[in-house]
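Engineer: Can you look at this prediction? I've put the sequence above it.
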Amino acid sequence: MKNLRKLPVLLLIVSLVWSCSNDDDATTPPAAQPLNIVQTAQATADLSMLVEAVIQTGLVDALSADGQRTVLAPTNAAFQDLLDSNMAWNSITDIDNAVLTQVLLNHVIDNENILSGALAGNTGYRNTLASGPGGTNLSIFFNGNAGVTFNGSSSVVSGLADISTSNGIVHVVDTVIALPTLLTFATADDTFSSLEASVLLPNQGAVATALTNATPTAPLTVLAPTNAAFTALLNSNPAWNGPGDIDDATLTAVLTHHVTAGNVTSGSLTNPGTTTAPSVQGQDFSITLPGTNGNIADVTDGSNNTDIGIIAVDVQASNGVIHAVNKVLLPM
């Protein structure tokens, strides 16, 4: 009887040992590792042309590396539109590698994981990894007031923002973002809409062409007046209700007085001190650092007006740089 009483206990011990043994034999599957940016693109059918471009340009390692970055990923349709823009381009392989590399890098904002919520309702600039004159990083302008657009041409595809990866954030966009020119920012940024309206007047074509056709090896620097600056200029003459009311020769002289040759970034200015620059119009203007009255720098124009301030600096285009000013410069 004593042995029979021990039997249930023995069975319980055997059962526990067997259960533990089975637990030891079971293999717990490892947790799935998040995909990096390149792997995410490879797993997305509508980004196959982007993957092809990344492989062709040798950027796989750079976009797979650990870190933080925000990538604007053009769809296949966006790349097809790019190919259709040039009769010599039938496939990604037809695009010059150096050009394609810079275009792709212009879609990468390094060291930041930027979520769409941070862009919504805001406008501003970031730097991309693309190179401008003198090795400067190109700027990119975002506008989050109605969806999110970049450089006035490329929009985030609805429902395809904020794709999280192991090394950054991806936003899918509907257009390949071209390397920006000076005119790109004048037209994309509503802060400069009056400047845009002036430059795009039929009789100011030479100015628009200069802002578009300046090159990385022959760049231009533009002191760009804000809308408020243009409004003050128009208010100075009762006959001027808009830039088109200013006679062509006067407006040309005023616009070209804001432009000087070279890629003159804020870091290349004398500080403290004054830098004098010959304008394309022919007369000099000067920039003095540090500025006063809240200005980053003070400007003296060809008419010796000294109440002009630079209020934003270093908007870098592929063919020059823009600094915003709060008053229109006037030549003599």
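Structural biologist: Now that the structure is in, tell me what you want to look at.
Engineer: Touching stretch 215-226 from outside, list them.
Structural biologist: Outside stretch 215-226, the residues within contact range by C-beta atoms under 8 Å, 6 or more residues apart in numbering are 132-133, 182, 186, 191-192, 194-195, 210-211, 214, 233, 258-264, 277, 280, 285, 299, 310-311, 315, 318-329. Where you see a C-beta, it was placed from the backbone N, CA and C, and this is true even at glycine.
Engineer: looking at it, Ala206 is touching Ala249, isn't it?
Structural biologist: No. Contact criterion C-beta atoms under 8 Å: Ala206 and Ala249 do not qualify, at 11.9 Å.
Engineer: Contacts only, for the closest residue to Pro331 other than its chain neighbours.
Structural biologist: Leaving aside its sequence neighbours, Pro331 sits nearest to Gly302 (C-beta to C-beta, 6 or more residues apart in numbering; 4.0 Å). Gly302 is in contact with His257, Ser279, Gln281, Gln283, Asp284, Phe285, Leu329, Leu330, Pro331, Met332, counting by C-beta under 8 Å, 6+ apart.
Engineer: of Ala206 and Ala249, who's got more company?
Structural biologist: Ala206 (12 against 9; other C-beta atoms under 10 Å).
Engineer: list the buried ones in the helix or strand hosting that one?
Structural biologist: Secondary structure from DSSP states H and E places Ala206 in helix 205-213. For helix 205-213, burial by neighbour count (16 or more other C-beta atoms under 10 Å) applies to Val207, Ala208, Ala210, Leu211.
Engineer: Show me the protein divided up by domain.
Structural biologist: 37-173, 182-325 (automatic domain parsing).
Engineer: Now do the nearest residue to Leu234 once chain neighbours are set aside against Ala261, distance only.
Structural biologist: Nearest non-adjacent residue to Leu234, counting by C-beta to C-beta, 6+ apart: Trp240, 4.5 Å away. Noted for Trp240: a distance of 29 Å to Ala261, by C-beta to C-beta, to the nearest Å.
Engineer: again with Asn106
Structural biologist: The gap separating Asn106 from Ala261 is 24 Å, by C-beta to C-beta.
Engineer: Which one of these two is surrounded by more residues?
Structural biologist: Neighbour comparison, Asn106 and Ala261: the larger count goes to Asn106, with 26 against 15 (by other C-beta under 10 Å).
Engineer: For that one, which residues are in contact?
Structural biologist: Thr128, Leu129, Ala130, Leu138, Ile140, Ile177, Ala178, Leu179, Pro180.
Engineer: which SS class is the last one?
Structural biologist: When the structure is reduced to helix, strand and coil (DSSP: H, G, I helix; E, B strand; the rest coil), Pro180 reads as coil.
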